[in-house]
Structures are given as C-alpha cells and as structure tokens.
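> Next one to model:
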Amino acid sequence: MATVGSGGDCSIGSGGRDPPPPLLFDEENEEDMFSSSHESLKVNQMDHGEEKDDDIFAEAKEELSLDSPENDWSQSTAKTEGLPQKVAVLPSVTAASVTSQSLPKQPKNGVKDISDDLDEEEEANKYSIEISVTDPKKIGDGMNAYMAYKVITKTNIPDFRNSEMEVYRRFSDFLGLHEKLVEKHLHQGRIIPPPPEKSVIGMTKIKMSKEESSSTEFVEQRRAALERFLCCVAKHPALQTDPSFVDFLELEGDLPRATSTSALSGAGVLRLFNRVGDSLGKMTYKMDESDQNLSWSCVIYYLQCSEDYEWFEEKQQQVESLDIQLKKLHSSIETLVINRKELAQNTGLFANSAAALGSVEEHTSLSRVLSQLAEVEDKIDLLHVNQADSDYYILSEFVKDYVGLIQAVKDVFHERVKLYKAWKDDEATLTKKREAKVRLELTHKADKIGSANQEIAEWEHRVEKSQEEFQAISKSIIKELKRFERQRLKDFRRAIISYLESLMENQQQLIKYWETFLPETKAIA
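Predicted coordinates:
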C-alpha cells in the first residue's frame, strides 16, 4: 500500500563542528537583524578615518557554547538588544547561496529508496485476485433499458468475506466506483485507473434496438473495457482493499444509483465546469519550488527536496512525451484495424468472384482450382477478421487504456500543484497577518495585539499543515510513479508477446492454406 509520508519544517541538528549562524532572519519580518549594527559600524569607522582590524567580538560579554547550537540560537534571539555595535555582517540567505557543505547532512526524501520499498511490498503481498466480466444482458425496454454485466471474482484477500463471488453491475455502477476511488485517493497522490468512456450513440442503439445482435460488437467492446478497468484497479495494493471496491465486487443486489455519472445531470454539468476551471488553472499557474526568499526552516527542506524537484521535472516531461507518442501510436493502430477489416472484406469479395468464375469455367481442372481458390480465400478472410480483432483488443485497446492512465498520472501531478499553491497562499496570508501585527505595534494598539498573535498562531499551524500535505503527496507520487513504471513494463511486454503470438499463429495458418492449395494448381492440365 502506498505510504503517504508526513513531514514538517526541517530542523537543523548539531552534527557539524561549527554551529550555524546565530540568527539570519527575524521570524516575523525576515529582515536582517544586524542592519542597524552594520550602519553603526560604518559610522564609527568614518569618524576614526580608518578601518579597524581588531577582534569584532572583543567587547562581547556572553560566551556561546558550541555543543548545543539550538540553545545558542534561542539565547541569541532573546539577547539581540545586548549585542555590541561591532558585529560581523552576515549575508542574506537565498536558495542559490546555500551549499550542502554549509549545512548538516540530512537524510534524503527517499527517491532511490522507493524501489526497495516496492520490492519488499511485492514480496510481502502473497494474495491474488482474478476478475472477469461476462454475460452482458439487456434489462428493460425503450429508453429505460440498460445493460447489466456479470462480474465474477476469485480471490484469497482477507478483506473479502468470500473467496468466489458473482454479482451483476450496470455501467453507471462502474462510473460510480471510479468517482468514489478518486474522491478517497486522488488527493493522496494515488493513480486511479480511468473507466471506459461513455458512448451516447452506442447506448441509444441498444435502448432502441429490439435485437441484441445488432449491437453485439459495441457490447463486447464495452464488456472487455470494463473487465480491464477492474483488473487494473485490482493490481493496486491500496485500491484492491478499498471498501468501495470490495462492496462493488461482493455486495449482492443493486448498488445505490450513481446519479452524478449522467452526462446530462446537474452534477455532470457542474463536473464539466470544474474540469474547465482545473484546465485553466493548469495553464495559468506555474509551480516554482526554487523560492529565493527562504527562512532557515525552508532552506533545509529546499536542499532535501532539490533532488525530488529535478525528478518531478524530468518525470513530467517524460509523461508529456509518452502521452504524445502513445496517442500517435493509437491512431496508427486504429488505421491498421480499419485497413485490416477492409482487407478481410475485399478478400471475401475476391473469394465470391473466384467461385462465380469457377462455376462458368468449361475446363474441368481449372474450374476445380478456381473453386478451391475461393474456399481458401474464404478461410483467409476469416484469418484477416481474427487478426483485425487481435489488432483491436490486444494492441489498440491496450494502448488506449494507457493513454487514459497517462491522463490519470497528469491528474496526480495537478493535485500536487494545487497543494503547493495552497501552501504558498497560506504563507502569503501569514505574512500579511504578521505585517498587520507590526502596524498595530507601531500605532500602539495593544488591545488588538493579542488577537493578532492568535491569528498568526492559527495561520502558522495552517502553513505547517499545508507543507506537510505537500511533502506527503510528493512522497506518495514518487512511489506511485515507480510502481506505475514497473507495471507498465510488465504490461507492455505481455501485450507485445501476446500480439506477436497471435500474428505468428495466423501467418502459419495462412502458409498451410497456400501450401495445401499449391499442388492443386500445379495439377492443372
């Protein structure tokens, strides 16, 4: 199960010999605490007409311990007013000016350790689940008609009450399941497989048709797509034990109607507007993790996440490239399927023409050969039809499913951006609250400072929570992408092997047909 880590502000340990600088920023205003000392030092030097090379800490009365930097920091904060005028000027801290040598070593976020966690997870998962969708049947008449599919499940997962289950589910139930999984898991950074697309035209044909055979192809395509959807969900260790998924597979009777899945419902229209808003947000908001104005608590977080930031940038580019190439591949395969079906149709026409020609041929041996050629072409026609089905179900639909999965990966990335934006919005609000407190102090409005401090404390808690949520979803996405890449490699290998085997089988059968027919042609006298 994908583990969502939780994190907070990073603290600096005492692992290094030299303590970190006493204080670089005021916790509220992030201004240089020693700017006034710096100006006094310059005035003092101008009055004497020369620069002093004496020990700048010669007048210091407070002895700082090197054993506990954290305590020194707190002491220096409390005694800022007592510092002497001759103080070394410390440069402002930016993300670019901080190096790994200037900070204590901190553990990595675990980009490289995720693979080890996945290996242990796969070894520990000894359970299996097998799902098949069969026996589609039409229920009702007219526009109230719908298709129901039998879902058969065999599993040894302890979360299920039985090891074998059979239930009937309609198409809207599958869409409702997907909505529930998205609502529960997307904000945690988990990749949710998409369900099959709706087809208003296909369902209208089913509703209005009195003969089920007229829409057999559409029903079979949808049945196969629903089966692949459930199997893809079942491969995820967190989704396979989700209560909504368990109820979907084993709860007998009808599930509560998922009315929001209808394209013409009010919820469907609202969902459309939300998608448009999210799309505009993706285009208008650019995520920038390399903030140049960082407090010390965020500096270490920045260094820890710099490797993750590069990893995310690289992965997003890879996902975009993969999305483009998969769509092109799917388009090419669809063209291949169409051409293969046209070839099968033309082969059948050729067989009919050869049979007609053989029936009027006066030469006996030639007439027999033409009739046999027609029979061979009829068989080849069936081979082309079978190969077109293999092109579609094994290759085309497989690539189409992964185009949908890539979009699910993009949705996860977008959730991360949304949390990042929420975190930065909370930080901006916190800054405004602190500025408002400063104005109150300057105007001596002591009666309002207490409530201002309370608001600042609340927003500090919100900022900390937002940062933890962002770190958690980042860690979760890293693990999800690692699992996704592993599964994608397995799936592509399996699909290509299966497709090549079907292709070779049809080609070998085609060769046998022609080898059998060739002696008959040579026997023409």
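> Okay, now the unreliable bits of the chain?
Along the chain, the parts satisfying pLDDT under 70 run over 1-125, 210-214, 258-307, 525.
> so where do the strands sit in it?
Using DSSP state E, the strands of the chain run over 129-139, 146-155, 164-170.
> For M504, find the nearest of those.
Evaluated over the strands of the chain, closeness to M504 peaks at strand 129-139, with 26.2 Å, by CB to CB. Where you see a C-beta, it was placed from the backbone N, CA and C, and this is true even at glycine.
> tell me the most buried of the strands of the chain?
Ranked by mean neighbour count under mean count of other CB atoms under 10 Å, the strands of the chain are led by strand 146-155, which reaches a mean of 19.
> Would you confirm that D378 contacts L349?
No. Taking contacts as CB atoms under 8 Å, D378 lies outside contact range of L349: 11.1 Å.
> These two: which has the busier surroundings?
Each of D378 and L349 has its neighbours counted (other CB atoms under 10 Å); D378 has more, 16 against 12.
> Ok, which of the strands of the chain comes nearest L357?
Closest to L357 of these, according to CB to CB: strand 129-139, at 42.5 Å.
> Run through who's touching stretch 516-525.
With contact meaning CB atoms under 8 Å, 6 or more residues apart in numbering, stretch 516-525 is reached by S365, L366, R368, V369, Q372, L373, V376.
> now the strands of the chain in TSV, with distance to C231?
Shown next, in TSV, are the strands of the chain (distance: least, CB to CB, whole Å):
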stretch	distance to C231
strand 129-139	6
strand 146-155	11
strand 164-170	15
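> Which one of those lies nearest to V399?
Short answer: strand 129-139, nearest of the strands of the chain by CB to CB, at 20.3 Å.
> Specify the angle between the closest one and strand 164-170 in degrees.
Interaxial angle, strand 129-139 versus strand 164-170 (axes from the mean of the first three to the mean of the last three CA atoms, to 10 degrees): 40 degrees.
> Also compute the angle for strand 129-139 relative to strand 146-155, please.
Counting by the same axes, to 10 degrees, strand 129-139 lies at 160 degrees to strand 146-155.
> To A224, which of the strands of the chain lies closest?
Nearest of the strands of the chain to A224, taken as CB to CB: strand 129-139 at 7.8 Å.
> Give me the contact list for that closest one.
Among residues not part of strand 129-139, those counted as contacts by CB under 8 Å, 6+ apart are 145-157, 170, 206, 212, 219-220, 222-224, 226-227, 230-231, 234, 240, 249.
> that older thread, now that we have the contacts of stretch 516-525, which of them are buried?
V369, Q372, L373, V376 (16 or more other CB atoms under 10 Å).
> And the residue nearest to the second one when sequence neighbours are not counted, how close does it get to S359?
If I follow you right, that is Q372. Leaving aside its sequence neighbours, Q372 sits nearest to E520 (CB to CB, 6 or more residues apart in numbering; 5.5 Å). Noted for E520: a distance of 17 Å to S359, by CB to CB, to the nearest Å.
> between the two, who's got more neighbours?
Set E520 next to S359 and count neighbours by other CB under 10 Å: E520 wins out with 15 against 11.
> Give me the distance between that one and K448.
Separation of E520 from K448 (CB to CB): 104 Å.
> cool, P158 as well?
58 Å.
> Near P194, how many other residues are there?
P194 has 18 neighbours, counted by other CB under 10 Å.
> quick one: it from V403, how far?
Distance check for P194 against V403: by CB to CB, it reads 9 Å.
> Then M147?
Look at M147 and V403: by CB to CB, they are 24 Å apart.
> Kindly report the same for R488.
Applying CB to CB, the value for R488 to V403 is 12 Å.
> and if you look at S209?
Distance, S209 to V403, by CB to CB: 30 Å.
> Kindly report the same for T153.
Distance check for T153 against V403: by CB to CB, it reads 27 Å.
> do the same with S353
Here the criterion is CB to CB. By it, S353 lies 40 Å from V403.
> max-length helix in this structure?
For the chain, the longest helix by residue count, based on DSSP state H, is helix 446-522.
> Count the residues that sit near R493.
Using other CB under 10 Å, R493 has 10 neighbouring residues.
> and it, how far is that from A234?
Remark: distance between R493 and A234 (CB to CB) = 19 Å.
> any idea where the helices of this protein begin and end?
Along the chain, the segments classed as helices by DSSP H run 35-48, 69-78, 114-124, 171-185, 200-208, 216-235, 243-250, 266-284, 296-360, 364-390, 397-442, 446-522.
> Would you format these as a markdown table with distance to K137 included?
Putting the helices of the chain into a markdown table (distance: least, CB to CB, whole Å) gives the following:
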| stretch | distance to K137 |
| --- | --- |
| helix 35-48 | 80 |
| helix 69-78 | 70 |
| helix 114-124 | 38 |
| helix 171-185 | 13 |
| helix 200-208 | 11 |
| helix 216-235 | 9 |
| helix 243-250 | 19 |
| helix 266-284 | 26 |
| helix 296-360 | 27 |
| helix 364-390 | 22 |
| helix 397-442 | 22 |
| helix 446-522 | 29 |
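> for K410, what are its contacts?
V319, D323.
> what do you get if the cut-off is 6 Å, keeping everything else the same?
Going by CB atoms under 6 Å, 6 or more residues apart in numbering, K410 touches no other residue.
> can you check the one 3 residues further on too?
F413 makes contact with Q316, according to CB under 6 Å, 6+ apart.
> Run a quick neighbour tally on V319.
There are 18 residues near V319, going by other CB under 10 Å.
> what does H384 give?
Neighbour count for H384, taken as other CB under 10 Å: 20.
> Okay, it and K341: tell me how far apart.
For H384 relative to K341 (CB to CB), the value is 8 Å.
> cool, R223 as well?
R223 is 20 Å from K341, where distance means CB to CB.
> Also L177?
Taking CB to CB, one finds L177 at 33 Å from K341.
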